[in-house]
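Undergrad: below is the sequence, then the predicted model.
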2 protein chains.
Amino acid sequence: MTCLSRQELCKKLRDNGYKVTPQRLAIYEELAGTDSHPTAEALFKKLQRNNPYMSFATIYKAMGILVKIGAVRMLNTGETSSRYDARMDEHYHVQCTCCGRVYDIFDLPTEKLTQAVTKQSGVKIQNSDFYFYGICKNCQ
Amino acid sequence: MTCLSRQELCKKLRDNGYKVTPQRLAIYEELAGTDSHPTAEALFKKLQRNNPYMSFATIYKAMGILVKIGAVRMLNTGETSSRYDARMDEHYHVQCTCCGRVYDIFDLPTEKLTQAVTKQSGVKIQNSDFYFYGICKNCQ
DNA sequence: CTCTCTGCAAAATTTTTGCACTGCT
DNA sequence: AGCAGTGCAAAAATTTTGCAGAGAG
């Protein structure tokens, strides 16, 4: 997994003027340790086991910060709640329309797309999100 | 605009077992007549002028149906509320991170991407959503 | 020691649901 | 006439906010 080490995360937090707290580390490490692209609620349930006083507010506040400093991304697959992903290397997402699972996809030839978007719209692209939907192997 | 004519929409509703009502026609025509990718709230405010008794519940129920029968798509740009789009021809979206406006993009070479996703994940892709983010011409 | 962060509860927002009444077909 | 659809209000679900006390630097 290409996520941040604890040391790198601490540095990133401090460099951006945020404090390092056990909650933020626990939230990040829980997220970095799964490839299930969990929602805030899923994270909360997992974290509660080891951190009985973990609260939703803390998760949402931490996520806001982690997204802002570029340690985490937020996924909008069209479900009612957002999902989170600690992998920040360039990749994309496929969701199974049957079971809802979200899989990672790598190495898509997207450079021409971004160029075409810039050319067509005049918008200087800062980042992009690609979502694919279909029936996964398990559900076929 | 490549949206449905009133006649086509009526047929599509009936073919899928839904009734044609003035509210559904008004909602669809309002959406088809703009390229602003409005939220439910924005649609509601516009529709209220001519239909003072239009309600939110009706908009959400109608949208559910219109999405299901393939007359409308829902956009998830990462904002708190969903946006809607009556254009069903293949196209993509760029959002300005400054003003929030959403622009349409056409003719992207995406075939290889979809093939790569199928090959890599084994998921048979049914559809996809591409979102690009950057600073638009107006805001530059 | 200061000032940010946490946890709780309450609030805000968006979307969904239940139900009596309306009105399309 | 029958039954789906509308509108209202209340409920549900997710996310945000305010504040007192705890804890990082």
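TA: Thanks, I have it.
Undergrad: most residues in a single helix of chain A, which one?
TA: Across chain A, the longest stretch assigned as helix under DSSP state H is helix A:56-68.
Undergrad: the helix or strand just after that one and DNA strand D, are they touching?
TA: Counting by DSSP states H and E, the element after helix A:56-68 in chain order, helix or strand, is strand A:73-75. No - taking C-beta under 7 Å from any atom of the strand as the criterion, strand A:73-75 and DNA strand D are apart, separated by no less than 8.4 Å. No exception for glycine: its C-beta is placed from N, CA and C like everyone else's.
Undergrad: tell me the mean pLDDT over strand A:73-75?
TA: Taken as a whole, strand A:73-75 has an average pLDDT of 98.
Undergrad: can you tell me how far residue A:53 is from residue B:95?
TA: 38 Å (C-beta to C-beta, to the nearest Å).
Undergrad: show me where chain A has its helices.
TA: Counting by DSSP H, the helices of chain A are A:6-15, A:22-32, A:40-50, A:56-68, A:111-121.
Undergrad: could you list the buried residues of the third one?
TA: This points to helix A:40-50. For helix A:40-50, the neighbour count (16 or more other C-beta atoms under 10 Å in any protein chain shown) marks A:40, A:42, A:43, A:44, A:46, A:47 as buried.
Undergrad: which strands or helices does the longest helix of chain A pack on?
TA: With contacts defined as 3 or more C-beta pairs under 8 Å, 6 or more residues apart in numbering or on different chains; DSSP states H and E, helix A:56-68 has these neighbours: helix A:22-32, helix A:40-50, strand A:73-75.
Undergrad: ok so, going back, closest one to DNA strand D among the helices of chain A?
TA: Each of the helices of chain A was scored for nearness to DNA strand D using C-beta to the nearest atom of the strand, and the closest is helix A:56-68 (3.3 Å).
Undergrad: what residue lies at the spatial centre of chain A?
TA: When C-alpha atoms, centre = their mean is applied to chain A, the residue found nearest the centroid is residue A:85 (2.0 Å).
Undergrad: wait, doesn't that one sit right on residue A:73?
TA: Yes - Residue A:85 is within contact range of residue A:73, at 5.0 Å (criterion: C-beta atoms under 8 Å).
Undergrad: so residue A:53 and residue B:95 - more neighbours on which side?
TA: residue B:95 (22 against 7; other C-beta atoms under 10 Å in any protein chain shown).
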